[in-house]
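Peer 1: let's see this in three dimensions:
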Amino acid sequence: MTKITVSQLVEKEARFLRVACGVRYWEDSEVNGVPDEEDNPTIPFAALDTWAPTIDIDAGTIVDWPAGTTASVHYKVCDDGRYTLLDAGLNVIHEIEGYVPSIMCPGGDGYGDYVIMEIDGAGKIADWSADDLSEFGAAS
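Peer 2: Okay, the predicted model is just below:
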C-alpha cells in the first residue's frame with residue numbers, strides 16, 4: 001500500500017498578533033514624551049532586550065496597555081523577531097520569524113528592520129491596518 005501526504009488549506013480567523021522582537025536601542029523611542037532608558041526601558045511589555053506586546057488585530061490596540069501611557073516607538077529590530085497570529089482563544093494560527101512585517105510599521109516604512117508606531121493613552125496604534133497579512137503566508 002502506498003501512502004501520500006495531503007496538505008489542506010484551512011481558513012481561520014486571526015484575532016491577535018503576539019510580538020516578541022529584540023530591541024537594539026530602547027532610547028530611540030519615547031514613553032510619555034521622554035526618551036526611553038537604554039538600560040532600564042519603561043515602555044510597557046519590555047523584558048530584558050525584548051518588546052513583547054499582544055495586539056488586538058481588528059481594534060489596532062495593545063492588549064492590557066496601561067491607561068494614560070503614550071509611546072512613540074522606533075525600534076531597530078532587524079531579523080530578531082517572532083510574530084505570532086492567534087485566534088480568539090489565543091491558540092497559535094501561524095508564526096513567522098525574522099524580519100519585521102510591514103503591519104508593525106504603520107508609522108512609516110520599516111524596511112523589514114524597524115518597528116515604527118505611535119501609541120496613544122488607550123493603547124491604540126495610529127494608522128493601524130490589518131488589511132494585508134500576506135507576509136504571514138495568508139490571504140487577508
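Peer 1: work out the gap between stretch 22-35 and the centre of the chain.
Peer 2: Computed by CA atoms, centre = their mean, to the nearest Å, the separation of stretch 22-35 from the middle of its chain amounts to 16 Å.
Peer 1: end to end on it, go ahead and measure it.
Peer 2: When the termini of stretch 22-35 are compared using CA to CA, to the nearest Å, they are 18 Å apart.
Peer 1: can you check stretch 68-79 too?
Peer 2: As for stretch 68-79, its first-to-last residue distance stands at 31 Å under the measure CA to CA.
Peer 1: average pLDDT across it?
Peer 2: Here stretch 68-79 scores 94 as its mean pLDDT.
Peer 1: what of stretch 37-52?
Peer 2: The predicted model gives stretch 37-52 an average pLDDT of 93.
Peer 1: flag every buried residue along stretch 31-41.
Peer 2: Applying a neighbour-count criterion of 16 or more other CB atoms under 10 Å, the buried positions in stretch 31-41 are 31, 36, 41. From N, CA and C alone the C-beta is placed, and that goes for glycine too.
Peer 1: helices of this protein, residue ranges please.
Peer 2: Along the chain, no segments are classed as helices by DSSP state H.
Peer 1: centroid-nearest residue for it?
Peer 2: With distances taken as CA atoms, centre = their mean, residue 19 lies nearest the centre of the chain, 4.2 Å away.
Peer 1: so how many other residues sit close to the residue lying closest to residue 112 once chain neighbours are set aside?
Peer 2: The shortest distance from residue 112 to any residue other than its chain neighbours is 3.7 Å, reached at residue 99 (CB to CB, 6 or more residues apart in numbering). Neighbours of residue 99 under the rule other CB atoms under 10 Å: 18.
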